[in-house]
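[1] Need coordinates for the below:
(one chain, ligands or ions: 1)
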Amino acid sequence: MPIAPALSIRDVRFRYGEHEAVRGVSFDVAPGEVFALLGPNGSGKTTLFRLISTLVPLQEGEIDVLGTSLRQHPAAVRGYLGVVFQSPSIDKKLTVLENLLHHGRLYGLAGGTLKQKATTMIERLGLSDKLTASVETLSGGQRRRVELAQSMLHDPKVLVLDEPATGLDPGARSDIWRYFATLADEGVTILLTTHLLEEAERADRLGIMHQGELVALDTPLALQASLGGDTITLRTTDAQTLADQIASRFDFTPAVVDGTVRLEHPNGHQLIPQLVEAFGDQIDAVTLGKPTLEDVFIARTGHQFFSDTHES
Ligand SMILES: Nc1ncnc2c1ncn2[C@@H]1O[C@H](COP(=O)(O)OP(=O)(O)OP(=O)(O)O)[C@@H](O)[C@H]1O
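    Sure thing, here's the model as predicted:
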């Protein structure tokens, strides 16, 4: 029998007035999976995060968390979830422990049990020596860890996080990802949003968002492999003309991305000499590489990942 998903998103749509920010998104997240929603600014990730975390009401479509309908039982679903917001949700004037105690009370925890739980969580996140430190004396990475500790106090089965690693240095980001791996091993399901390609690569599976739609859904390796072979980037003064000429000479159509000509080919090293022989006078530089998640994004959308062209 197939394992029931921890999180099930079906045909979800969301409008802010006239603007449709999420346009019919469907996917499942398996128990214990670390799932990343990757997309550039404005692609709809935060809106989806707000819907899943019950911050905004569902308009169209359905979301189930651990088999419970969010539309019918939002309070129950909230209880299953640990939530970490993009903007800090801790009080800088309070100590680490005070923040956790305060948060725990919101979830109905109290007394010795709460204190024990808070201390254990702080320990797990490597902040024992900061227990009585005021949060304003902590680094960005340490504050993030306090928020993570806080979100896990009530033993949620599903953790949802909006851009958890934004603003953190690579070391702090790695610490957080190590913690995600530990939680996932314990059966906690994790969904996070990110606009960082290198972060999405660490997820078990990812969904790529573009203009409110899911344009790709698979493991990072499978997505990269789906492009096959190599990625060739040609720098030239007139990318569109060169792309048209390549398309009429060879049996594929390259993409024009940010003033460069970009193409995927099973054997890049064999194709490059042919390209140089035919169009050498127009090519200023050639780059050969393996497809990245950015290439996957470009191949699926025709847009560059970091550009101003995403919002409709
Ligand atoms: N409160 C709002 N009112 C109107 N439009 C909004 C609101 N919040 C978001 N939008 C629009 O909805 C679209 C999706 O925004 P959303 O915040 O979900 O994207 P995102 O992928 O999370 O971007 P970012 O990485 O910048 O947070 C954008 O076009 C945005 O301008």
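
[2] going forward, measure contacts and count neighbours with C-alpha atoms only.
    OK.

[3] Which elements pack onto whatever helix or strand residue 178 lives in?
    According to DSSP states H and E, residue 178 maps onto helix 170-185. Helix 170-185 sits against strand 34-38, helix 140-151, strand 189-194, with contacts defined as 3 or more Cα pairs under 8 Å, 6 or more residues apart in numbering; DSSP states H and E.

[4] For the ligand, which of those is the nearest?
    strand 189-194 (7.2 Å; Cα to the nearest ligand atom).

[5] one step back: dump the helices and strands packed on helix 170-185 to a markdown table, plus distance to the ligand, mean pLDDT and mean neighbour count.
    Below are those laid out as a markdown table (distance: least, Cα to the nearest ligand atom, whole Å; pLDDT from 0 to 100; neighbours: other Cα atoms under 10 Å):
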| stretch | distance to the ligand | mean pLDDT | mean neighbour count |
| --- | --- | --- | --- |
| strand 34-38 | 8 | 97 | 26 |
| helix 140-151 | 17 | 90 | 23 |
| strand 189-194 | 7 | 97 | 25 |
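
[6] right, and these - which one's nearest residue 302?
    In terms of Cα to Cα, the element of the helices and strands packed on helix 170-185 nearest to residue 302 is strand 34-38, at 16.2 Å.

[7] Name the surrounding residues that touch that closest one.
    The contact list for strand 34-38 (Cα atoms under 8 Å, 6 or more residues apart in numbering) reads 29, 45, 180-181, 184, 189-197, 200, 203-209.

[8] And for stretch 119-132?
    So stretch 119-132 is contacted by 95-97, 142, 145-146, 149-150, 152-153, 179 (Cα under 8 Å, 6+ apart).

[9] which other helices and strands contact the strand or helix carrying residue 233?
    Element membership of residue 233, judged by DSSP H and E, is strand 230-236. Applying 3+ Cα pairs under 8 Å, 6+ apart, we find strand 230-236 packed against strand 260-265, helix 268-279, strand 283-289.

[10] where does the nearest residue to residue 210 once chain neighbours are set aside fall, phi/psi-wise?
    Nearest residue to residue 210 in three dimensions, chain neighbours excluded: residue 43, at 4.9 Å (Cα to Cα, 6 or more residues apart in numbering). Torsion angles at residue 43 (phi, psi; degrees, to the nearest 10) stand at phi -80, psi -10.

[11] Correct me if wrong: residue 43 contacts residue 211.
    Yes: checked against Cα atoms under 8 Å, the pair residue 43 and residue 211 is within contact range at 4.6 Å.

[12] Tell me the buried residues in stretch 285-299?
    For stretch 285-299, the neighbour count (16 or more other Cα atoms under 10 Å) marks 290-299 as buried.

[13] Any stretches of the chain with poor pLDDT?
    1-2, 307-312 (pLDDT under 70).

[14] which of the buried residues of stretch 285-299 come close to the ligand?
    For the ligand, no contacts are drawn from these by Cα under 6 Å from any ligand atom.

[15] Now, the residues you listed that are in helices?
    Among the buried residues of stretch 285-299, DSSP state H puts 293-299 in helices.

[16] Ok, which of the helices and strands packed on helix 170-185 comes nearest residue 241?
    Of the helices and strands packed on helix 170-185, nearest to residue 241 by Cα to Cα is strand 34-38, at 31.9 Å.
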